[in-house]
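> Model the following, please.
(one chain, ligands or ions: 1)
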Amino acid sequence: MKVLFINGPNLNALGKRQPEIYGTLTLSQIEQLVDFYAAQQGVNLVCFQSNQEGTLIDFIQAEGWDADGVIINPGALTHYGLALRDALASLEAPIIEVHLSNVYQREPFRHTSVIAPIATGQIAGLGWLGYRLALEWLIEEMPRLRFEKQSEVSDADTDADMDADTDADE
Ligand code: DQA
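The predicted structure follows:
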């Protein structure tokens, strides 16, 4: 199982950046903690951070097609990053949007997410643990998601067979 773990602008400064809001762990420490859990569960976690929207999109286009899930904290791009949203929306994998802080308790501009409508779910306000919880959800749900996808494929095959039969009968 391959999961992308993506952090957007300014999250490289975690640890130094407003620790009263974002906590004292650095991004590298958080990535190690989440990866420790991922490795225990047999998950290949691919970590990436960029301050540039285009670079995030390039990464998603390079690594996203065969990913089973995406955990992303888009930083401030959450609130206006439409190109990032389009890149995420083009993937089949479920997207989990994570925020360290409770954005809904903060300035009004943080209450809107352009990513949320294309995400499967959102976690906000639980600090770094939100990332690990997102991963736990993906691991728990993956068998069901795969089963549903498989059923969609076989339903489509059955429909196609029935159409072919009907055509043959005509
Ligand atoms: C954030 C919240 C955003 O509003 C902000 O721009 C960030 C971090 C969070 O993790 O709480 O950079 O996504």
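
> Ignoring the adjacent residues along the chain, who's closest to residue 22?
residue 100 (5.0 Å; C-beta to C-beta, 6 or more residues apart in numbering). In short, each C-beta sits where N, CA and C put it, glycine included.

> Could you list every helix and strand in contact with whichever helix in the chain runs longest?
Taking DSSP state H as the criterion, the chain has its longest helix at helix 129-169. Contacts defined by 3 or more C-beta pairs under 8 Å, 6 or more residues apart in numbering; DSSP states H and E place helix 129-169 against strand 2-7, helix 27-40, strand 69-73, strand 95-99, strand 121-124.

> So for that helix, mean pLDDT?
Averaged over helix 129-169, pLDDT sits at 84.

> Contacts (any at all) between the ligand and it?
No: taking C-beta under 6 Å from any ligand atom as the criterion, helix 129-169 and the ligand are apart, separated by no less than 8.3 Å.

> Residues of this protein that sit close to the ligand?
The chain has residues 10, 73, 75, 76, 78, 99, 100, 101, 103, 110 near the ligand, with proximity defined as C-beta under 6 Å from any ligand atom.

> and if we set it to 5 Å?
When proximity is defined as C-beta under 5 Å from any ligand atom, the chain approaches the ligand at 10, 73, 75, 76, 99, 100, 101, 110.
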